[in-house]
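Q: Fold the following for me, if possible:
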Amino acid sequence: MKSDVCRWIWITLVVVGFSACERDKTSEQSGGSQPAGIVEQTVRQTIDGIKGPMDKARGVEGTLDQAAERTAEQASRAGS
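A: Have a look, this model is predicted:
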């Protein structure tokens, strides 16, 4: 009786393992079948989406640097 239960457990584990391997193969095949153009377009859109805010941040950083320089100049003049 105990050996029958162990045999069924092993058979179940083997079947589950093979079905999991088959799902992995299917997902790899479907994921790799995307045309390169779509992937490149998605990457480009993502990069463009990041560039805009980064350019704005650089502009603000430049403005803040200029303001800091002016403030430092005014403070040095006032201290003299």
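
Q: Tell me where this protein is predicted with low confidence.
A: 1, 21-34, 80 (pLDDT under 70).

Q: Helix or strand for A75, just tell me which one.
A: With elements taken from DSSP states H and E, the one containing A75 is helix 36-79.

Q: what separates the most centrally placed residue in the chain from E69, distance-wise?
A: Closest residue to the average C-alpha location of the chain: T46 at 10.1 Å, with Cα atoms, centre = their mean. The span separating T46 from E69 equals 35 Å under the rule Cβ to Cβ, to the nearest Å. No exception for glycine: its C-beta is placed from N, CA and C like everyone else's.

Q: next one: P53
A: P53 sits 25 Å away from E69 when distances are taken as Cβ to Cβ.

Q: Show me the chain divided up by domain.
A: 1-33, 35-80 (automatic domain parsing).

Q: Any idea how far stretch 62-79 is from the middle of the chain?
A: On the basis of Cα atoms, centre = their mean, to the nearest Å, the separation between the geometric centre of stretch 62-79 and that of its chain is 40 Å.

Q: which parts of that stretch are buried?
A: By neighbour count on 16 or more other Cβ atoms under 10 Å, the buried set for stretch 62-79 is empty.

Q: swap in stretch 50-66?
A: Judged by neighbour count using 16+ other Cβ under 10 Å, stretch 50-66 contains no buried positions.

Q: Contacts for it, please.
A: Applying Cβ atoms under 8 Å, 6 or more residues apart in numbering, stretch 50-66 has no contact partners.

Q: That stretch: how far from the chain's middle?
A: Computed by Cα atoms, centre = their mean, the separation of stretch 50-66 from the middle of its chain amounts to 23 Å.

Q: could I have it exported to CSV, CA atoms only?
A: Once non-C-alpha atoms are left out, stretch 50-66 reads as follows in CSV (Å, rounded to 0.1, in the frame of the first residue of the first chain):
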residue,chain,number,x,y,z
ILE,A,50,13.0,59.9,-19.9
LYS,A,51,14.9,62.5,-21.9
GLY,A,52,12.3,65.2,-21.6
PRO,A,53,12.2,65.4,-17.8
MET,A,54,16.0,65.0,-17.6
ASP,A,55,16.5,67.9,-20.0
LYS,A,56,14.1,70.0,-17.9
ALA,A,57,16.0,69.0,-14.8
ARG,A,58,19.3,70.0,-16.4
GLY,A,59,17.9,73.4,-17.3
VAL,A,60,16.7,74.0,-13.7
GLU,A,61,20.0,72.9,-12.4
GLY,A,62,21.7,75.5,-14.6
THR,A,63,19.4,78.2,-13.5
LEU,A,64,20.0,77.3,-9.8
ASP,A,65,23.8,77.3,-10.4
GLN,A,66,23.6,80.8,-11.9
